[in-house]
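Here's my sequence, what's the structure:
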Amino acid sequence: MSKKVSCLKDLLKKFGELKKLSPLPPVKEFNYLLMARGFVTSTHIIRVHCQNNRLEIANGIFRSLATKGSNVDTSFYTRMIIGLLKNDNVEEALRQMDNMEEKKIKPDDSAYYALFNWMCNNSRYKEAENLFFRMKKQPRVVLDIETYNGLFYVYLQTNEYEKADKLVKEMVELSIPITYRVVSFVIKKLYGKGNP
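Alright, predicted model coming up:
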């Protein structure tokens with residue numbers, strides 16, 4: 001018996017064991033098993049296409065899996081969202097986030113962060129603010145130093161100083177430091193207005 005056939009039999013046996021578990025493990029466990037045995041998974045294929053800016057191919061695979069009733073999990077959506085944002089396709093990325101919520105799939109933190117950072121970096125400030133508060137309502141999402149500083153920067157860019165002040169107070173309460181980038185922006189704003 002060849003090594004490949006032996007590996008496949010091993011894999012099928014392990015699949016059988018996983019399928020008997022209750023509750024059934026997430027798709028991620030099956031994907032890890034495949035990858036550990038040297039098999040390529042659809043998540044891996046989608047990731048590679050996204051990394052190489054072949055988003056139409058990745059999106060086609062993604063939609064095909066979703067249409068066929070495959071269990072498209074968080075990692076699939078996250079890969080697609082990040083790939084779409086790399087290609088500046090924010091509308092489709094937002095649509096995928098909405099699809100996740102409709103299907104009761106909790107978005108991964110990295111999908112939120114990627115979307116938030118894209119909005120901040122592309123001057124979509126109001127949308128970034130809305131997303132920040134949407135993230136804040138998610139019990140699983142941890143708002144980190146970059147996210148808070150990102151919103152603080154948004155408020156400074158849009159001259160919403162009262163909101164910035166309120167956010168700084170919250171950051172102090174949560175012991176979240178203000179980054180150098182934000183501090184230097186404040187100093188430039190002050191000196192730009194002729195203040196000493």
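
mind listing what the closest residue to Val154 other than its chain neighbours touches?
Of all residues not flanking Val154 in the chain, Tyr125 sits nearest, at 4.7 Å (CB to CB, 6 or more residues apart in numbering). Placement of C-beta: from N, CA and C, glycine included. Contacts for Tyr125 (CB atoms under 8 Å, 6 or more residues apart in numbering) come out as Met119, Val154, Gln157, Thr158.

swap in Gly16?
Listed by CB under 8 Å, 6+ apart, the contact set of Gly16 is empty.

and the gap between it and Asp73?
The spacing between Gly16 and Asp73, counted by CB to CB, to the nearest Å, is 21 Å.

Show me which of the contacts of Tyr125 has the smallest pLDDT value.
Sorting these by pLDDT puts Gln157 at the bottom of the list (87).

measure that one to Leu151 for me?
When distances are taken as CB to CB, Gln157 and Leu151 turn out to be 11 Å apart.

Could you do Tyr113 as well?
Relative to Leu151, and taking CB to CB, Tyr113 is found at 12 Å.

higher neighbour count, the two?
Neighbour totals were compared for Tyr113 and Leu151, and Leu151 leads with 26 against 19 (other CB atoms under 10 Å).

Give me the mean pLDDT for the one helix or strand Lys13 maps to.
Mapping Lys13 onto the secondary structure by DSSP states H and E places it in helix 3-20. Summarised as a single mean, pLDDT over helix 3-20 is 62.

Then stretch 90-102?
For stretch 90-102, the per-residue pLDDT values average out at 87.

Please apply the same query to stretch 50-64.
In this model, stretch 50-64 carries a mean pLDDT of 73.

for the spatially most central residue of the chain, what are its contacts?
The C-alpha lying nearest the average C-alpha coordinate of the chain belongs to Ala111 (CA atoms, centre = their mean; 0.9 Å). The contact partners of Ala111, by CB under 8 Å, 6+ apart, come to Thr74, Tyr77, Thr78, Ile81, Ile82, Met97.

same check, this time on Asn159
Neighbouring residues of Asn159 by CB under 8 Å, 6+ apart: there are none.

ok, now with 10 Å
Neighbour list for Asn159: Lys189 [criterion: CB atoms under 10 Å, 6 or more residues apart in numbering].

quick one: it and Phe132, what's the gap?
Distance, Asn159 to Phe132, by CB to CB: 18 Å.

Same question for Gly60.
Using CB to CB, Gly60 is found at 32 Å from Phe132.

Which of those two has more residues huddled nearby?
Looking at Gly60 and Phe132 with other CB under 10 Å, you find the greater number of neighbours at Phe132, namely 20 against 13.

I'd say that one and Thr147 touch.
Yes: between Phe132 and Thr147 there is a contact at 6.7 Å, judged by CB atoms under 10 Å.
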